[in-house]
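K.L.:
give the three-dimensional model of this entry:
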Amino acid sequence: ALHVASRASYMSSALAASVPRTHPLPPFSRAHRRPSAPLPRAATASESENKTHEPMKLAFLGCGIMGVPMAKNLLKAGHDVCVWNRTSAAAAPVVEAGGKLAASAADAAREADVVFVMVSTPDAALDVAKAAADGLAPGKGYVDVSTVDAGTSSTIASIVRATGAEFLEAPVSGSKKPAEDGALIFLCAGDEGLYTRCASPLETMGKAHFFLGDVGQGAKMKLVVNMIMGSMMGAFAEGLTLAEKSDLDPATLLEVVSLGAIASPMFALKGPTMVKGTFAPAFPLKHQQKDMRLALALADELAQDMPVAAAANELYKRARRDGADDEDFSAVLKAVKK
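P.N.:
Prediction:
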């Protein structure tokens, strides 16, 4: 194992050295990651650096596949969490873990110093911001970790800042399992003071967080990441289907892929369940297609052709028409096989 790790490190260093950096990172881009050395599960990156954080009064709005484990991790870390969801029954797991249920989004915001929001669509994110606004005030912060387009994020920022509160967009890269494990990646932009103030909850819920500049930059980065992910999954589904049609053993294909340059944690995680034809939702297909659509809209604004992503998006649309909305996004395999 040591030999493999050393070789991988060498190859990574050699590759980095061989690629000229024609576009250096902008000065406002900051990254914070957990160190590579193993840490106890409850420890965060800041704790590993001998920093301590006081428990915070937080609100968490949205208790879906992602919101519930994120809010529960905040409770485990000792934060005071007031929770709200449009259907209160969905918040039950967080309340059972020690959270306080608020009667409204505004009431939750009044109880907290910083509000976190995780909902499924741009329209929902906008509605929640409007609903929470009456509970916001100067000195408070509002962190939207939903995946939305840059325009919607800017509108939400205006609503929040009109109350005197600070705003941070922080869409996450990761699905249900990383949310449960506190291993999400936060792509942040907006008020940097709020970003700094939120270090403790961000490190509790995630393994890395980046500050990317002005509002919109985090939203754009998330759409680019999910566009790549969706395109990769489409190609992977086509590969599995072609292997099956060619009388090749799919398990062998997965092993070959895992040993080569295209090895991917996503392929390793999703491949076995795709071969079995099971698609329990970690990231619902309807949300992946929504993100493809938003990424393509961004590309259209910038007059940038995206033929691969556009073709992948058609596969997801076909899968949605066939009833795969609430299955995992890997169920795009069904559309390929049809």
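K.L.:
residue ranges with poor pLDDT in the stretch 151-300 of the chain?
P.N.:
Within the stretch 151-300 of the chain, not a single segment meets pLDDT under 70.
K.L.:
just so I have it, where are all the helices in it?
P.N.:
For the stretch 151-300 of the chain, the helices defined by DSSP state H, counting those that start in this stretch occupy 176-181, 192-197, 199-205, 217-245, 250-259, 265-276, 285-301.
K.L.:
pipe the ones you listed into JSON lines and attach distance to A103 and mean neighbour count per row.
P.N.:
Just so you know, the C-beta spots here come from the backbone N, C-alpha and C atoms, and that holds for glycine as well. Shown next, in JSON lines, are those (distance: least, Cβ to Cβ, whole Å; neighbours: other Cβ atoms under 10 Å):
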{"stretch": "helix 176-181", "distance to A103": "26", "mean neighbour count": "18"}
{"stretch": "helix 192-197", "distance to A103": "26", "mean neighbour count": "16"}
{"stretch": "helix 199-205", "distance to A103": "23", "mean neighbour count": "24"}
{"stretch": "helix 217-245", "distance to A103": "30", "mean neighbour count": "20"}
{"stretch": "helix 250-259", "distance to A103": "49", "mean neighbour count": "14"}
{"stretch": "helix 265-276", "distance to A103": "39", "mean neighbour count": "16"}
{"stretch": "helix 285-301", "distance to A103": "28", "mean neighbour count": "20"}
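K.L.:
now those as CSV including distance to D113?
P.N.:
As requested, those are exported to CSV (distance: least, Cβ to Cβ, whole Å):
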stretch, distance to D113
helix 176-181, 23
helix 192-197, 8
helix 199-205, 11
helix 217-245, 21
helix 250-259, 45
helix 265-276, 35
helix 285-301, 29
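K.L.:
tell me which of those lies nearest to D149.
P.N.:
helix 285-301 (4.8 Å; Cβ to Cβ).
K.L.:
only the buried residues of the very next helix or strand once past the closest one, if you could.
P.N.:
Reading on from helix 285-301 to the C-terminus, the next helix or strand found by DSSP states H and E is helix 307-321. Neighbour-count burial for helix 307-321, counted by 16 or more other Cβ atoms under 10 Å, picks out A309, A312, N313, L315, Y316, R318, A319, R320.
K.L.:
dump those residues into JSON lines; add pLDDT as well.
P.N.:
As requested, the buried residues of helix 307-321 are exported to JSON lines (pLDDT from 0 to 100):
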{"residue": "A309", "pLDDT": "98"}
{"residue": "A312", "pLDDT": "98"}
{"residue": "N313", "pLDDT": "98"}
{"residue": "L315", "pLDDT": "98"}
{"residue": "Y316", "pLDDT": "98"}
{"residue": "R318", "pLDDT": "98"}
{"residue": "A319", "pLDDT": "98"}
{"residue": "R320", "pLDDT": "98"}
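K.L.:
going by distance to T204, which of those wins?
P.N.:
Y316 (32.3 Å).
K.L.:
who's in contact with the residue lying closest to the closest one once chain neighbours are set aside?
P.N.:
Sequence neighbours aside, Q289 is the residue nearest to Y316 in space, at 3.8 Å (criterion: Cβ to Cβ, 6 or more residues apart in numbering). By Cβ atoms under 8 Å, 6 or more residues apart in numbering, the contact list for Q289 reads G230, N313, Y316, K317, A319, R320.
K.L.:
gap between the fourth one and A261?
P.N.:
Taking Cβ to Cβ, to the nearest Å as the measure, K317 and A261 are separated by 30 Å.
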